[in-house]
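*Asks:* Sequence below, structure please.
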Amino acid sequence: MADELQRWFGNRVLEDMGLTLTDAQLNQYETYYRLLVEWNEKMNLTGITERGAVYEKHFYDSLTLAVLPEATQASRMADIGAGAGFPSIPFKIAFPDKAVTIIDSLAKRIRFLQAVVDELSLTQVTLVHGRAEDIARLADHRDAYDLVTARAVARLACLNELCLPFVKQGGTFVSMKGSDHTAELEESRKSLRLLSAELQYTRELKLPLEQSERQLIVIGKRGKTPKEYPRKAGIPLKQPIV
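*Replies:* Got it, this is the predicted structure:
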């Protein structure tokens, strides 16, 4: 049975996002938390390990995607540079029917995520070890996803080149940011144009207890990715399109 923190989390998600989480789903979040803390002792997954903080700053924060119809209506999702699985794993728990692909460049993080997927008995989850620049060149992933996400990975001009090649025409890229990123939006104009995309809108939120600001930057894909993008691995980070 869900304890006090889980009940708070479930009720808050229902109130803020309109999602009802079952006891089974709440128990999946608790198992995820346990695995995160256990594995974090062996490898650096997160600097946040206190239970309440993980629920708010990782789980709740990941579920803010649910305020976006583009996210809730997507059937196929890719999470680029997911690290310990945020936002894709918390979102998958809440939306178990979605097909989720998680791409990360570190094999040890992929091993952790595989343990989470197995322990939580998650289905339709594909884990891919590799650089986004390389995986985006593969036919199974290029211009293929309804929804692509990235949470606190890099500046937007760089993220656009790493993530937009995965988005299908008519699909959506959501960059999850911490605070006001007006400057990032301005410097990303050229990359959006070159990558056949456009800014749709931004959605501002606050975490319920800490009250720290969050921004969801919603970008629409207008056409297929030009053949020259993404550039070779490492170049988008070193030389972003600005």
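*Asks:* do you know how far Thr46 is from Arg151?
*Replies:* Here Thr46 is placed at a distance of 12 Å from Arg151 (Cβ to Cβ, to the nearest Å). In short, each C-beta sits where N, CA and C put it, glycine included.
*Asks:* higher neighbour count, those two?
*Replies:* Arg151 (22 against 17; other Cβ atoms under 10 Å).
*Asks:* Angles on the backbone of the more buried one, please.
*Replies:* phi -120, psi 110 (degrees, to the nearest 10).
*Asks:* Who are the contact partners of it?
*Replies:* When contacts are counted by Cβ atoms under 8 Å, 6 or more residues apart in numbering, Arg151 is found next to 61-62, 79, 82-83, 86-87, 176.
*Asks:* Is Ser62 in contact with Phe95, as I believe?
*Replies:* No. The pair Ser62 and Phe95 does not pass the contact test of Cβ atoms under 8 Å, sitting 11.3 Å apart.
*Asks:* So between the two, which is more surrounded?
*Replies:* Using other Cβ under 10 Å as the criterion, Ser62 and Phe95 rank with Ser62 on top: 24 against 18.
*Asks:* The nearest residue to the more buried one once chain neighbours are set aside: neighbouring residues, count only.
*Replies:* Here the nearest residue to Ser62 in space, its sequence neighbours aside, is Pro87; by Cβ to Cβ, 6 or more residues apart in numbering that works out to 3.3 Å. The number of residues packed around Pro87, counting by other Cβ under 10 Å, is 25.
*Asks:* Output the contacting helices and strands for the longest helix along the chain.
*Replies:* With residue count as the measure and DSSP state H as the assignment, the chain has helix 23-40 as its longest helix. Using 3 or more Cβ pairs under 8 Å, 6 or more residues apart in numbering; DSSP states H and E as the contact criterion, the secondary-structure elements in contact with helix 23-40 are helix 4-17, helix 51-54, helix 88-94, helix 107-119.
*Asks:* Just the buried positions in it, please.
*Replies:* Of the residues in helix 23-40, those buried under the neighbour-count criterion (16 or more other Cβ atoms under 10 Å) are 25-30, 32-33, 35-36, 39-40.
*Asks:* How far does the lowest-mean-pLDDT helix or strand in the chain sit from its chain's centre?
*Replies:* Taking mean pLDDT, DSSP states H and E as the measure, the chain has helix 182-187 as its least confident helix or strand, at a mean of 90. Relative to the mean C-alpha coordinate of its chain, helix 182-187 is positioned 20 Å out (Cα atoms, centre = their mean, to the nearest Å).
*Asks:* what's next to that helix, contact-wise?
*Replies:* Applying Cβ under 8 Å, 6+ apart, the external contacts of helix 182-187 come out as 155-157, 177, 199, 202, 217, 240, 242.
*Asks:* same thing but at 7 Å, please
*Replies:* Applying Cβ atoms under 7 Å, 6 or more residues apart in numbering, the contact partners of helix 182-187 are 155-157, 199, 242.
*Asks:* what does stretch 132-139 give?
*Replies:* For stretch 132-139, contacts defined as Cβ under 7 Å, 6+ apart pick out 80-81, 103, 128, 141-142, 162, 165-166, 230-233, 236.
*Asks:* Distance from the chain centre to stretch 33-46, please.
*Replies:* Once both centres are worked out by Cα atoms, centre = their mean, stretch 33-46 turns out to sit 19 Å from its chain's centre.
*Asks:* If you average the pLDDT over that stretch, what comes out?
*Replies:* Looking at stretch 33-46 alone, the average pLDDT works out to 96.
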